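[1] One predicted model, sequence on top.
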Amino acid sequence: MRKVALVFVLAVLVPSLVLAWLAVRSLRDQQFLLERQQSLLYQGVTDSLAKALNDHIADQQREFDSRVEAFANGNDPRAAAAQFDEQIRGTWPLAEVGFCVTLSGNLICPTCPPTRNTPELRNFCLDNSAFLGNRETVEVYWNDNSGNTKLMGQNLGSNQNAFDSNSQQSLSQYQSSANNSSVGQNYSSKSQMRKVSPQKSYSKEVANANADLQDGNFSKVVPAEAEFSQLVGDNTDGMLARFLQNKLKLMFWHRLNRDRDLVFGAQLNLSRLVSELRGMIQPDPALRDEICVALLDDNARPVALSRAHFAAQWKRPFVATEIGEALPHWEVAAYLVNPEQLTQAARTARLTLGLLIALLVLAIGVGGWLIVADLNRQLALARQKTDFVSNVSHELKTPLTSIRMFSELLAEQRVADPAKQRSYLQIITAETARLTRLINNVLDFSRMERGEKKYNFRDADLAGIVRETVETYRPHLENSGFQLECSLPAGELPVRADTDAIAQVVVNLLSNAEKYSGDKKRITIEVARRDGPLPCAEVKILDCGVGVPRGSEEKIFEKFYRAHDALSSGIQGSGLGLTLARQIARAHDGEVIYESREGGGSCFSLRLPLKMS
Ligand code: ADP
């Protein structure tokens, strides 16, 4: 049995638990993949929006270039340069202040201190005259439209992927290539944390997997300390951004084709630029219901939103992309419109599959337990069958021995006394009857097992059947020292029955009463009508013997079951008598039941339905 349990555990339980564990793991991976796909999709949206904004700003830069060339065309540029501020502001709404400076640092326009005393000009002079005059280095984010520009712009546009584990690496690559340029030696020390920290994913596992990313959430836009002439270098045009009193200032500059010594520039009106960009902040129409995209300024405050009145934790977008050095620390961020939906869908999927797995494991467990229980039963049955063979052999042997012994004595005429001869003959008859009974029981049992047992039902009187059977059995019992009392009703008890089968039941019960009576050799038979909702005829066979041990009251009706072991009790038996008695009674729509008797002994009752006239 232990072996079977071990096989079950090793072959069924352990593999199914392992499978369940694998299923749970793959479920988690599925969720991870799903979130990753979603994250990549939205990252694509913010990346392409950031690129579109950069492109728009680059277009504006080209527009500025052509305006400068048009301005200088035909005139003496140096003579006209003094008018540049007025001219560019008057014709180009994006310009806040126009300036013109020579590479050697001679600020031609505007004159500082300014002749026209507007706050913009005053501040411009204060902030930029020393810088444009190459008298001081300032912290600047720059773009010169050369190879470096491309490196910066493209890196910033595409390497914000939430799952790009190399972003740290690409940052350092970027920094080292920037360090190789002539401008700025302090890039690495200037790297700053991003103002927003994209959530990357809502699941803990993914967040942990991306712990490195979370830790190294540095801005890819790095300022450098430089003088204006260093920024210009050999280039023709570019843009540069500075933070002054925490306010972003953006400038375009262009070097004149005709006179490479002259640099024209414009400080941009940021709020106008932003209102131009605002219309571009829209996700793909298919994603409009899923995400809200926002343009965040350098303080992570939304300046443009794709959905009006949308509110979120602005510093915690789902994904975000930095725009680049044109708008340093500005980001295009995407927020989930319904963040619950993602976790809810994942939770529902996990719950459903979890339940399914639990159910399957439970089914395997219960199935396994049923198999083991059935195996157990089969093993017990096999054991009982083996016992049965040895019990039956024993039961056959005992009467055969007596029959043989007494018949030999009689055959050899060694017994002269006629009384003894008669007694020997009675013993032979009784033992033959016992043999017949046993063989009948075995044969009937095998017929019943094969479903071949036939009954010959007819109208009969139960009291009559019992009377006849008891009278046939009485001499044997009385010879064995039993006191037999039989109380029969005055009238008949009409039943539909196979009289031989019912007689067999009565004989089996009587024979058991005889076997299990021990020293108290007193058997009572009571036959009576039993009234109730379903009136029936009842035969009770009572003895004063050992009784059925507690707990075995129902088991004694199972095939081969013996509550009194032949070895310990010395009582022979096949374990079939009560099984047959009950099956015969049930075939008559009746029942055989056991009740213990007060003061010891057993009471077996055979009940048959009364035939209504
Ligand atoms: P057996 O051939 O062993 O008597 P039975 O099917 O007739 O087989 O009975 C099953 C078991 O029920 C017996 O082994 C015995 O333990 C118990 N039993 C039957 N009749 C009695 C009784 N009158 N008193 C006590 N125990 C009984």
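    The structure has been received and is ready for your questions.

[2] Show me which residues of the protein are close to the ligand?
    Residues of the chain lying near the ligand by C-beta under 6 Å from any ligand atom: 512-513, 515-516, 543, 545-548, 556, 562-564, 573-579, 602. Just so you know, the C-beta spots here come from the backbone N, C-alpha and C atoms, and that holds for glycine as well.

[3] Start from the N-terminal end of the stretch 501-613 of the chain and give the helices.
    With DSSP state H, counting those that start in this stretch, the ranges of helices along the stretch 501-613 of the chain come out as 566-569, 577-587.

[4] Pick the most deeply packed of these.
    Of all these, helix 577-587 carries the top mean neighbour count, a mean of 21, counting by mean count of other C-beta atoms under 10 Å.

[5] Can you show me the CA trace of that one as CSV?
    Taking C-alpha atoms only, helix 577-587 is exported to CSV below (Å, rounded to 0.1, in the frame of the first residue of the first chain):
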residue,chain,number,x,y,z
GLY,A,577,-24.1,-16.3,4.2
LEU,A,578,-25.3,-12.8,5.1
THR,A,579,-24.3,-11.4,1.7
LEU,A,580,-26.6,-14.0,0.0
ALA,A,581,-29.3,-13.5,2.6
ARG,A,582,-29.5,-9.7,1.9
GLN,A,583,-29.3,-10.1,-1.8
ILE,A,584,-32.1,-12.6,-1.9
ALA,A,585,-34.2,-10.4,0.4
ARG,A,586,-33.6,-7.3,-1.8
ALA,A,587,-34.5,-9.3,-4.9
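
[6] Use 6 as the first number for this chain going forward.
    Taking 6 as the first residue, the last one we looked at is helix 582-592.

[7] returning to what we had before: with respect to A55, which of the helices of the stretch 506-618 of the chain lies nearest?
    Shortest distance between A55 and the helices of the stretch 506-618 of the chain, using C-beta to C-beta, is found for helix 582-592: 86.0 Å.

[8] quick one: contacts of the closest one?
    With C-beta atoms under 8 Å, 6 or more residues apart in numbering as the contact definition, helix 582-592 has outside contacts at 446, 449-450, 453, 458, 460, 503, 506-507, 509-510, 513-514, 516-517, 561-565, 596-597, 609, 611-613.

[9] one more time with 7 Å
    The contact list for helix 582-592 (C-beta atoms under 7 Å, 6 or more residues apart in numbering) reads 446, 449-450, 453, 460, 506, 509-510, 513-514, 516-517, 561-564, 596-597, 611.

[10] So the most centrally placed residue in the chain, which state does it fall into?
    Centroid-nearest residue in the chain, with C-alpha atoms, centre = their mean: G359, separated by 1.9 Å. Secondary structure, DSSP: H, G, I helix; E, B strand; the rest coil: G359 is helix.

[11] Then Q272?
    strand.

[12] got a list of what it touches?
    Going by C-beta under 7 Å, 6+ apart, the list of residues near Q272 reads E101, V102, F129, K254, M256.

[13] what bridges to the nearest residue to S492 once chain neighbours are set aside?
    Excluding its sequence neighbours, the residue lying closest to S492 (C-beta to C-beta, 6 or more residues apart in numbering) is E531, at 5.0 Å. When bridges are called by DSSP bridges, E531 pairs up with S492, K545.

[14] mind checking how far E531 is from the ligand?
    15 Å (C-beta to the nearest ligand atom, to the nearest Å).

[15] Please work out how many residues are found near W147.
    26 (other C-beta atoms under 10 Å).

[16] With D536 instead?
    Using other C-beta under 10 Å, D536 is surrounded by 9 other residues.

[17] Show the model's pLDDT score for it.
    D536 is assigned 88 on the pLDDT scale.

[18] What values do phi and psi take at it?
    When read as degrees, to the nearest 10, the backbone of D536 gives phi -90, psi 160.

[19] Relative to L613, how far out is it?
    14 Å (C-beta to C-beta, to the nearest Å).

[20] ok, now which ones touch T529?
    T529 makes contact with E490, L547, according to C-beta under 7 Å, 6+ apart.

[21] With R94 instead?
    Contacts for R94 were tallied using C-beta under 7 Å, 6+ apart; they are A100, G103.

[22] quick one on the thing from earlier: would you turn the contacts of Q272 into TSV with pLDDT?
    Shown next, in TSV, are the contacts of Q272 (pLDDT from 0 to 100):
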residue	pLDDT
E101	94
V102	94
F129	92
K254	94
M256	94
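
[23] now these in a markdown table, with distance to N343, neighbour count and secondary structure?
    Formatted as a markdown table, those follow (distance: C-beta to C-beta, whole Å; neighbours: other C-beta atoms under 10 Å; DSSP: H, G, I helix; E, B strand; the rest coil):
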| residue | distance to N343 | neighbour count | secondary structure |
| --- | --- | --- | --- |
| E101 | 41 | 23 | strand |
| V102 | 45 | 24 | strand |
| F129 | 47 | 23 | helix |
| K254 | 39 | 20 | strand |
| M256 | 42 | 23 | strand |
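
[24] the helices in the stretch 356-505 of the chain, which residues?
    Using DSSP H, counting those that start in this stretch, helices in the stretch 356-505 of the chain cover 423-455, 467-484, 504-520.

[25] Sorry, wrong one. I was asking about the stretch 6-155 of the chain.
    7-13, 19-77, 82-85, 89-96, 124-137, 152-163.

[26] One more: the stretch 156-305 of the chain?
    172-185, 192-195, 209-214, 216-220, 233-237, 275-283.

[27] angle of the last one against helix 19-77?
    An angle of 130 degrees separates the directions of helix 275-283 and helix 19-77 when computed by axes from the mean of the first three to the mean of the last three C-alpha atoms, to 10 degrees.

[28] What about the protein, which residue is the most distant from its middle?
    A421 (90.9 Å).

[29] What residues does that one make contact with?
    Per C-beta under 7 Å, 6+ apart, neighbours of A421: none.

[30] Which phi and psi values does it adopt?
    Per degrees, to the nearest 10, the backbone of A421 is at phi -90, psi -30.

[31] picking that back up, quick check: the closest residue to the residue nearest to the centre of the chain other than its chain neighbours vs the ligand, distance?
    With C-beta to C-beta, 6+ apart as the criterion, G359 has its nearest non-adjacent residue at 7.0 Å, and that residue is V29. Distance from V29 to the ligand, counting by C-beta to the nearest ligand atom: 52 Å.
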